[in-house]
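# got a predicted structure here, sequence first:
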Amino acid sequence: MKVDLLNELRKQNPIVFNISNFVTVQDVANGINALGASPIMSEEVGEAEEMVGLASAVCLNLGAFTQTQVEQIRTVGRLANQQKRPLVVDPVAVGAVHYRKRVTTGLLADFHPDVIRGNAGEIAALADVDWQAKGIDAGEGSGDLVTIAQACAKKQGCVVILSGPTDIITDGTRTTKVLNGTPLFQVHVGSGDMLSSIVAAFCAIEEDSFEAAQTACLVFAAIGQLVVKQSPDVGAGSFIVKLLDALQRTTVADIEAIATYE
Amino acid sequence: MKVDLLNELRKQNPIVFNISNFVTVQDVANGINALGASPIMSEEVGEAEEMVGLASAVCLNLGAFTQTQVEQIRTVGRLANQQKRPLVVDPVAVGAVHYRKRVTTGLLADFHPDVIRGNAGEIAALADVDWQAKGIDAGEGSGDLVTIAQACAKKQGCVVILSGPTDIITDGTRTTKVLNGTPLFQVHVGSGDMLSSIVAAFCAIEEDSFEAAQTACLVFAAIGQLVVKQSPDVGAGSFIVKLLDALQRTTVADIEAIATYE
Amino acid sequence: MKVDLLNELRKQNPIVFNISNFVTVQDVANGINALGASPIMSEEVGEAEEMVGLASAVCLNLGAFTQTQVEQIRTVGRLANQQKRPLVVDPVAVGAVHYRKRVTTGLLADFHPDVIRGNAGEIAALADVDWQAKGIDAGEGSGDLVTIAQACAKKQGCVVILSGPTDIITDGTRTTKVLNGTPLFQVHVGSGDMLSSIVAAFCAIEEDSFEAAQTACLVFAAIGQLVVKQSPDVGAGSFIVKLLDALQRTTVADIEAIATYE
């Protein structure tokens, strides 16, 4: 686990192009900016080629789901592949809404992500495993999460992050569990969206997508845990404020001191 | 007043489908999530039927007002009626902008809300009462607010919430005034939008829309008042942070201790 | 420098119509609301004429860049000129993305702004001066910033604000440098967007656009600096919270006490 990639990220300040969920776009922009990357956002297909060219990595959040946006996402995904930019996909609510699974399956036939990040319900859906997702939440199911994540990684041919109380990162062969974190990530809408863009930021500076993905998960989970450790009475509103402060300030040494993974 | 509906809401964690104002969507999602409901948002008409099916209540914020969005709102409103999901409508700025009143009147001919929530200017407009609204703000007028709210409830055939320093909740026959609150709700854009979605969350777990509406107003106003009581120097920015914390933590007993209504 | 325009702004509570960047719209609305103006937002061209009519000033943020939005912006800009409303333009990322420069140049042929506010990369692009912009960030270049701002003001025939660690305000003849500020403005995405709308709010109450622009810059920069002075350990997340509080509360006297400009 290369935690010091965080120093490299802050040094390089890579541009990350995000097609963002309209619900959480401001937090995502602020999150990756606070961590040390430079966010750009766009909803216009006419500038897609330039935006991908400017960026060192691309994150496609599939919570942006109007038909116009889907076509923009398709174009940006293909351009990211053509221009060899690392590509992260966040398949929001694909486990709960059949329409989303259908459109997402179509998109994944048109471009190839380096990393897919979702909750258990979303990853199970993309692995064609039965699961009871609940709206934007993970929902419940009986399968083993590591097996589901590995099945998804093999089916989709990319690194998969199944995030939750424990984050599971796998490329189908290598598998890491990040045990850091805090339940407060669940009470703030958009924590997952922020993580997806942070994964893209790490992919911008580390060629091995598995390494980038596991480091991003550890950094984000550990920083969240440190926030709660330092401010035990933090709640749904103050958590995101303190998380942004901590994304800016937490050092590699702070993270290494509490890092727990296997 | 059934304040303990709040416990039921937290237990059931109902999914609330929101067509949200693009200005305030993130706060609204975080607000109802912090309180204990599960928000879903969508701007795509192609997934409207599934989204309504997943949800236990629907909130249509008419601040989302492009022609495409209006057609999506029309579809979602009709689906909510067909699928018998409680439906809350928030007619943003309908008192200040004739175009909005015209379109909103058209929408209200196509589906029937269970609750309409607006400020004095908005409710007066939907009751066809003269009033000087000011942009998104309530503005000024000489009429009696209770009379205006009751007239709107009778004209629209639904529960009406006229919110302001005192919230007036009426179905045309029963009328409650909630006297709790804080002026800070006015300095944070989107407090009203958040209340509308919270009303929908209560409608998801209580069949009597009047009961759900008055409880939602009391819970929200009392929690806002408690924030200021606990942090008297709170301002425009810190209020929303502490409000989200308090939406998550405030108990039924905390609310009952300061509840003031008639 | 007429700092007491801030009192006038709070007294008049002018309506400012904003075409906003979807990334930062909520912060912008809250920022100008906290300061004492009344924000309205709309994405629908059908209500553009009424919205401009309601407003005392208009701010067009060119981060909203879908083709539909560009046509709405064109209409709103022309209406602002026709209805003689002060008009502020924020040309987001026009220095980094050729597509944006092309479209923006087209827009500026169709309506005439009273003030353009951008970072060094954006203002250099509109002055046709060479500069290496970086995404949404200012980037680097060798030219003298005052010369670039003045060239842009002459070329565009309006007041120009080149904002950064030092804000430069010029109408081509008169030039002011505002030396107040804090580096934390750069770690919060949307600080510039907020400033642009605040400039519009000052233009709503002061006919001399240069005077309005320099006062807005001083007020915003000084309030940011005061936040950091009062809370030296503020970070990327807590800064915006405290900034909103301070926008609401800071007095003319507080600002005059630290105002530094030349």
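Arrived safely.

# got a list of what the closest residue to chain B within the stretch 151-262 of chain A touches?
At 2.7 Å from chain B, residue A:237 is the closest residue in the stretch 151-262 of chain A, using CB to the nearest CB. To be clear about C-beta, it is placed using only N, CA and C from the backbone, and glycine gets the same treatment. Counting by CB atoms under 8 Å, 6 or more residues apart in numbering or on different chains, residue A:237 makes contact with B:30, B:34, B:240-245, B:247-248.

# which one is it nearest to, not counting chain neighbours?
residue B:244 (2.7 Å; CB to CB, 6 or more residues apart in numbering or on different chains).

# swap in residue A:45?
Closest residue to residue A:45 apart from its sequence neighbours, by CB to CB, 6+ apart: residue A:72 at 4.5 Å.

# tell me what the strand or helix carrying the one you found is packed against?
Element membership of residue A:72, judged by DSSP states H and E, is helix A:67-82. Packing partners of helix A:67-82 (3 or more CB pairs under 8 Å, 6 or more residues apart in numbering or on different chains; DSSP states H and E): strand A:15-19, helix A:48-54, strand A:57-61, strand A:87-90, helix A:98-110.

# ok, residue A:178 to chain C distance?
Note on residue A:178: its distance to chain C, by CB to the nearest CB, to the nearest Å, is 23 Å.

# related to what we said a few turns ago, ok, the residue nearest to residue A:45 touching residue A:48?
Yes - in this structure residue A:72 lies within contact range of residue A:48 using CB atoms under 8 Å: 6.5 Å.

# let me see the contact set for the residue of chain A at minimum distance from chain C.
Chain C sits closest to residue A:244 of chain A, with a gap of 2.8 Å, by CB to the nearest CB. By CB under 8 Å, 6+ apart, the residues touching residue A:244 are A:30-31, A:34, C:235-238.

# try 6 Å
By CB atoms under 6 Å, 6 or more residues apart in numbering or on different chains, the contact set of residue A:244 is A:30, A:34, C:236-237.

# ranges for the helices of the stretch 101-250 of chain A?
Remark: helices assigned in the stretch 101-250 of chain A by DSSP state H, counting those that start in this stretch are A:120-126, A:145-156, A:184-187, A:191-203, A:209-230, A:236-249.

# can you point out the buried residues in the second one?
Yep, that's helix A:145-156 we're talking about. Buried positions in helix A:145-156, judged by neighbour count with 16 or more other CB atoms under 10 Å in any protein chain shown: A:145, A:148-153, A:156.

# show the pLDDT at residue A:24.
Note for residue A:24: predicted pLDDT of 87.

# so what's it closest to, chain neighbours aside?
Nearest residue to residue A:24 in three dimensions, chain neighbours excluded: residue A:190, at 3.1 Å (CB to CB, 6+ apart).

# does the one you found really touch residue A:26, like I thought?
No - using CB atoms under 6 Å, residue A:190 is not in contact with residue A:26; the gap is 8.9 Å.

# what's the local residue count around residue A:257?
A count of neighbours around residue A:257, defined by other CB atoms under 10 Å in any protein chain shown, yields 10.

# just the element for it, please.
Assigned by DSSP H and E, residue A:257 falls in helix A:252-258.

# just the pLDDT at the residue nearest to residue A:45, thanks.
The model reports residue A:72 with a pLDDT of 95.

# go on, residue A:133?
With respect to pLDDT, residue A:133 scores 66.

# go on, residue A:253?
Residue A:253 carries a pLDDT score of 98 in this model.

# next one: the one 4 residues further on
The predicted structure scores residue A:257 at 98 on the pLDDT scale.

# which residues sit in contact with it?
By CB under 6 Å, 6+ apart, residue A:257 lies in contact with nothing.

# what is the burial count for the closest residue to residue A:174 other than its chain neighbours?
Once flanking residues are discounted, residue A:174 sits nearest to residue A:210: 5.6 Å by CB to CB, 6+ apart. Using other CB under 10 Å, residue A:210 has 23 other residues around it.

# got the contact list for the most centrally placed residue in chain A?
Geometric centre of chain A, nearest residue: residue A:196, 1.5 Å, by CA atoms, centre = their mean. With contact set as CB under 6 Å, 6+ apart, residue A:196 has these partners: A:59, A:88, A:90, A:117.
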